[in-house]
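S.K.: 3D, please:
(2 chains)
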Amino acid sequence: MVYLTRKAEFSASHYYHNPVFTPEQNQHLFGKCNNPNGHGHNYTLEVTVKGEVDQRSGFVVDLKQLKQVMHREVLDAMDHRFLNKEVPEFLTQIPTTENLAIAIWQRLEAKLESARLHRVRVYETPDLFVDFYGEG
Amino acid sequence: MKAHLTRRYRFSASHRLHSAEMSEDENRATYGKCNNPHGHGHNYALEVTVSGQVDPATGMVCNLVDLDRCVESQVLSRYHLENLNVLEEFSVTVPTTENLCIQIFEILQRRFPHAHLDRVRLEETMMNSFEYCGGNEVLQ
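M.R.: Predicted structure coming up:
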């Protein structure tokens, strides 16, 4: 088994808010991240796929296809967007880094053809990242 | 759904690698420049990985404020700008980065109740890093 990781960057804004909570509870729980005007990050995405090396091509995965899917499913949808307002998943979920990693996994898993997804890693900043390995 | 969250911190400390169980010559041969009696320092980078189910109400594995507060009060305030050799936990144990990594894992395992502690990763320099998962396999 060989693992291949492809990196991408996108920039987006978000804020944390749960409508079930009172304004005071939201403020207490989420602090500055609760500002409804939002704030932004430069996210770094690492997508790791795994598989056996194909004898003819020498590839684990067609990198061109992986890049295209990452672009279409993630970057086109999220780069320079306000996640809470423009990305359907986050109309109902809070766009934390945890939920972002899960949403990106779900978007990619449905569209990748030959590659088996191993890990989605999302850096919110160089000092904070989340790994998601699927539901299994 | 289960996610793994990693947070990175920094601290600086000095140490000297010297074992009371070895002769002076053996210490010098084993630890080389790190055996200098006056000690030397590093800028350590610490990565703490915790995991758990993402709470649907908050979207979080745990509140980052709690993790930062715990690491600050239990680890960074203990080690930042200190000489590791004078601390109780290194009175007998040699303060290698392996032992420091294990020590930090054990402190956080005792003190951080809000998520499962997966791993402590400690960079001594940009070239050396050490990971400890409490005796479990290192995560992929």
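S.K.: which stretches of the chain have low pLDDT?
M.R.: You didn't pick a chain, so chain A it is. A:136 (pLDDT under 70).
S.K.: switch to chain B, that's the one I care about
M.R.: Counting by pLDDT under 70, the ranges of chain B that qualify are B:138-140.
S.K.: A:Ile102 belongs to a helix?
M.R.: Yes: remark: A:Ile102 belongs to a helix, assigned using DSSP: H, G, I helix; E, B strand; the rest coil.
S.K.: Next, the contact list for it, please.
M.R.: By CB atoms under 8 Å, 6 or more residues apart in numbering or on different chains, the contact list for A:Ile102 reads A:Phe132, B:Met1, B:Ala3, B:Val54. C-betas here are computed from N, CA, C, even on glycine.
S.K.: Enumerate every residue touching the last one.
M.R.: Contacts here follow CB under 8 Å, 6+ apart; on that basis B:Val54 touches A:Thr96, A:Glu98, A:Asn99, A:Ile102, B:Met1, B:Lys2, B:Ala3, B:Met60, B:Val61.
S.K.: Please narrow those to those residing in helices.
M.R.: In this view, the contacts of B:Val54 that belong to helices under DSSP state H are A:Glu98, A:Asn99, A:Ile102.
S.K.: Next, count neighbours for residue 46.
M.R.: Since you didn't name a chain, this refers to chain A. When neighbours are counted by other CB atoms under 10 Å in any protein chain shown, A:Glu46 registers 15.
S.K.: looking at chain B here, not the other one
M.R.: By the criterion of other CB under 10 Å, B:Leu46 has 21 neighbours.
S.K.: helix or strand for it, which one?
M.R.: Taking DSSP states H and E as the definition, B:Leu46 sits inside strand B:40-53.
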